[in-house]
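Participant: Give me the fold of what follows.
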Amino acid sequence: MTVPACRFCRAPLTQTFVDLGLQPLANSYLTKAQLDAGVEGTYPLHTRVCGTCFLVQADDPVAADAIFDDGYAYFSAYSESWVAHAKRYTEAMAARFGLGADSLVIEVASNDGYLLQHFKAMGVPVLGIEPTANTAQVAIEERGIPTEVMFFNEATSRALKDRGVAADLMAGNNVLAHVPDIGDFVAGFQNVLKPQGVLTFEFPHLLNLIEKVQFDTIYHEHYSYLSLLAVERVLRANGLRPFDVELLPTHGGSLRLFCAHEASSHVETQTLKDLRAREHAAGLDRLSGYEGFTARVEAVREGFLAFLAQARAEGKVVAAYGAAAKGNTFLNYAGVTADDIVACFDANPHKQDRYLPGSHIPVHAPARIADFKPDYLVILPWNLKDEIMGQLAYVKDWGGQFVTAAPDTKVVG
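Facilitator: The predicted structure follows:
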């Protein structure tokens with residue numbers, strides 16, 4: 001069997017991080033017709049760690065344009081907490097870097113304009129770059145955000161540069177993990193970033209994934225699982241460098257990495273140096289730091305299956321909230337079906353009246369929760385637990401309880 005090569009440095013990948021088996025695409029929600037026709041593919045979801053650059057990465061059996069197509073169902077603006085997070089970012093960046101009417105802010109993977117709308121409201125010129133036409137259309141038509149519908153890479157960024165596009169601030173929130181060729185993607189930023197411009201990336205921190213057993217954040221859309229160590233190697237190979245970092249609570253623990261051209265005057269902070277030291281202490285710069293993760297993942301699965309078995313034995317009704325991609329990874333790894341969880345509820349109308357991939361659990365609008373009156377409501381997007389529990393406090397009226405499944409199964413609230 002051919003040994004795969006690292007998607008960045010091309011070294012052979014010989015060490016498994018975790019293998020989650022065959023899985024459907026996590027954001028490919030099924031219509032009733034598709035369900036009845038049995039039209040659904042499954043693909044290996046196998047992650048490995050590179051022993052040379054320590055980039056943790058998934059095999060890529062599915063082309064990116066098959067995942068991020070016009071049927072892509074993730075719209076950022078449906079999460080109130082995420083939109084609020086984006087607004088705080090825009091205010092902080094405008095203040096820190098003096099952005100105004102003469103500036104240009106570009107967001108790569110701008111989705112439905114959830115972030116750039118806040119810069120626009122400040123009078124700061126913006127440009128979105130988004131490969132999924134359906135989300136870009138919402139940004140353009142509903143929020144008035146100029147948006148280029150394309151994949152961002154070295155070649156497309158050169159075309160932008162040739163048109164005179166030059167950014168004071170570029171943002172890439174939760175996109176760095178989504179690109180199959182991470183080197184070619186990062187190379188594009190140096191073409192359109194001004195000499196003293198700033199680039200910020202936000203991405204879930206690999207160290208949290210390991211320490212908190214957040215294996216459900218692994219799915220085919222996420223080609224890479226990122227540490228400062230690995231990202232810094234990619235940046236420096238493309239004429240860029242980090243100079244500051246913020247630790248964020250989003251997505252179970254993320255990094256906001258501030259980057260610039262190698263020759264820029266931005267000074268490296270002590271916070272960045274401290275994070276490098278923390279990753280070294282955790283073993284992220286040696287293969288031994290990645291061993292033993294599979295056994296911890298299996299323990300999480302067994303704990304959740306034991307909960308479902310007990311609920312079934314007691315005649316309890318179990319439902320789920322949040323048709324999130326991470327939930328689909330979790331449910332499919334655990335082999336859960338509609339026999340175990342009767343329904344899933346989600347505020348996104350693009351997911352309602354469809355079925356979760358793999359598990360085939362029906363998705364309904366939140367207004368239907370009261371029809372089912374579940375005894376347990378499993379919160380699949382655990383990173384939004386507090387927001388969801390606040391919105392759905394009424395489930396306690398019939399004695400319903402909230403449950404989270406990672407890093408272990410527990411009743412919350």
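
Participant: Can you measure across stretch 48-56, start residue to end residue?
Facilitator: Between the opening and closing residues of stretch 48-56 lies a distance of 6 Å (CA to CA, to the nearest Å).

Participant: confidence score at V62?
Facilitator: Here, the pLDDT recorded for V62 equals 70.

Participant: how about it, what does it touch?
Facilitator: If a contact means CB atoms under 8 Å, 6 or more residues apart in numbering, then V62 has L25, Y43, H220 as its contacts. Bear in mind the C-beta positions are built from the backbone N, C-alpha and C, glycine included.

Participant: Please apply the same query to T14.
Facilitator: Applying CB under 8 Å, 6+ apart as the definition, the contact partners of T14 turn out to be V3, R48, G51.

Participant: And M122, how far from A334?
Facilitator: 45 Å (CB to CB, to the nearest Å).

Participant: Which one of these two is surrounded by more residues?
Facilitator: Neighbours of M122 and A334, each counted by other CB atoms under 10 Å, are more numerous for A334; the result is 19 against 15.

Participant: Quick check: closest non-adjacent residue to the more buried one.
Facilitator: Taking CB to CB, 6 or more residues apart in numbering, and ignoring the residues beside it in sequence, A334 has R301 as its nearest neighbour in space, at 4.9 Å.

Participant: Flag every buried residue along the helix or strand that neighbour falls within.
Facilitator: Secondary-structure assignment from DSSP states H and E places R301 in helix 293-313. Of all the residues in helix 293-313, those buried under the rule 16 or more other CB atoms under 10 Å are F293, V297, V300, R301, G303, F304, F307, L308, A311.

Participant: Quote the end-to-end distance of stretch 364-377.
Facilitator: 14 Å.

Participant: what's the answer for stretch 358-376, then?
Facilitator: Using CA to CA, the two ends of stretch 358-376 sit 21 Å apart.

Participant: Counting neighbours, which bits of that stretch end up buried?
Facilitator: Neighbour-count burial for stretch 358-376 [16+ other CB under 10 Å]: G358, S359, I361, P362, V363, H364, I369, F372, P374, D375, Y376.

Participant: And these, which two are furthest apart?
Facilitator: Greatest spacing in the buried residues of stretch 358-376, by CB to CB: G358 and D375 (24.0 Å).

Participant: Next secondary structure after the lowest-mean-pLDDT helix or strand in the chain?
Facilitator: Among the helices and strands of the chain, helix 64-67 carries the lowest confidence by mean pLDDT, DSSP states H and E, at a mean of 62. With elements assigned by DSSP H and E, the helix or strand that comes after helix 64-67 is helix 80-97.

Participant: what's that following helix packed up against?
Facilitator: Packing contacts for helix 80-97, counted by 3 or more CB pairs under 8 Å, 6 or more residues apart in numbering; DSSP states H and E, involve helix 116-122, strand 167-173, strand 193-204.

Participant: Show me what the second one is packed up against.
Facilitator: By that I understand strand 167-173. With 3+ CB pairs under 8 Å, 6+ apart as the test, strand 167-173 has helix 80-97, strand 105-108, helix 189-192, strand 193-204 packed against it.

Participant: 6 Å - rerun?
Facilitator: Packed against strand 167-173 by the contact rule (3 or more CB pairs under 6 Å, 6 or more residues apart in numbering; DSSP states H and E) you find strand 105-108, strand 193-204.

Participant: what are the pairing partners of the longest one, and which direction each?
Facilitator: I take that to be strand 193-204. With DSSP bridges as the criterion, the sheet partners recorded for strand 193-204 are strand 167-173 (parallel), strand 254-261 (antiparallel).

Participant: Packed most tightly, which of these would that be?
Facilitator: Across the strands paired with strand 193-204, averaging neighbours per residue (mean count of other CB atoms under 10 Å) puts strand 167-173 on top, at a mean of 24.

Participant: In space, what's closest to A306 - neighbours in sequence excluded?
Facilitator: Nearest-residue entry for A306: T409, 7.6 Å, with adjacent residues in sequence omitted and distances by CB to CB, 6+ apart.

Participant: quick revisit: kindly reformat the strands paired with strand 193-204 as JSON lines containing mean pLDDT and distance to F345.
Facilitator: As requested, those are exported to JSON lines (pLDDT from 0 to 100; distance: least, CB to CB, whole Å):
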{"stretch": "strand 167-173", "mean pLDDT": "97", "distance to F345": "26"}
{"stretch": "strand 254-261", "mean pLDDT": "97", "distance to F345": "26"}
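
Participant: The ones you listed into TSV, with extra columns for distance to V179?
Facilitator: Below are the strands paired with strand 193-204 laid out as TSV (distance: least, CB to CB, whole Å):
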stretch	distance to V179
strand 167-173	9
strand 254-261	15
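
Participant: So for A320, which of those strands sits nearest?
Facilitator: Put simply, out of the strands paired with strand 193-204 the one that sits nearest A320 is strand 254-261, at 23.7 Å, with distance taken as CB to CB.

Participant: re earlier: mind checking which of the contacts of T14 land in strands?
Facilitator: Secondary-structure check on the contacts of T14 using DSSP state E: residues within strands are R48.

Participant: Just the buried ones from the contacts of T14?
Facilitator: For the contacts of T14, burial is judged from neighbour counts taken by 16+ other CB under 10 Å, and it is met by R48, G51.

Participant: pLDDT check: weakest of the contacts of T14?
Facilitator: Among the contacts of T14, V3 has the lowest pLDDT, at 86.

Participant: partners of the closest residue to it other than its chain neighbours in the sheet?
Facilitator: With sequence-adjacent residues excluded and distances taken as CB to CB, 6+ apart, V3 is closest to P12, at 4.6 Å. Partner residues in beta bridges with P12: A5, with DSSP bridges as the criterion.

Participant: burial of P12, as a residue count?
Facilitator: P12 - counted by other CB under 10 Å - has 14 other residues nearby.

Participant: Over to the one 3 residues further on?
Facilitator: Burial measure for Q15: 13 neighbouring residues, criterion other CB under 10 Å.

Participant: tell me the phi and psi of it?
Facilitator: Backbone torsions of Q15, given as degrees, to the nearest 10, read phi -120, psi 120.

Participant: For ChimeraX, what selects the buried ones among the contacts of V62?
Facilitator: This is the ChimeraX syntax for the buried subset of the contacts of V62, where burial follows 16+ other CB under 10 Å:
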select :25,220
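
Participant: Now tabulate the contacts of V62 in a markdown table and tack on pLDDT and secondary structure.
Facilitator: What follows is those, written out as a markdown table (pLDDT from 0 to 100; DSSP: H, G, I helix; E, B strand; the rest coil):
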| residue | pLDDT | secondary structure |
| --- | --- | --- |
| L25 | 92 | coil |
| Y43 | 93 | strand |
| H220 | 89 | coil |
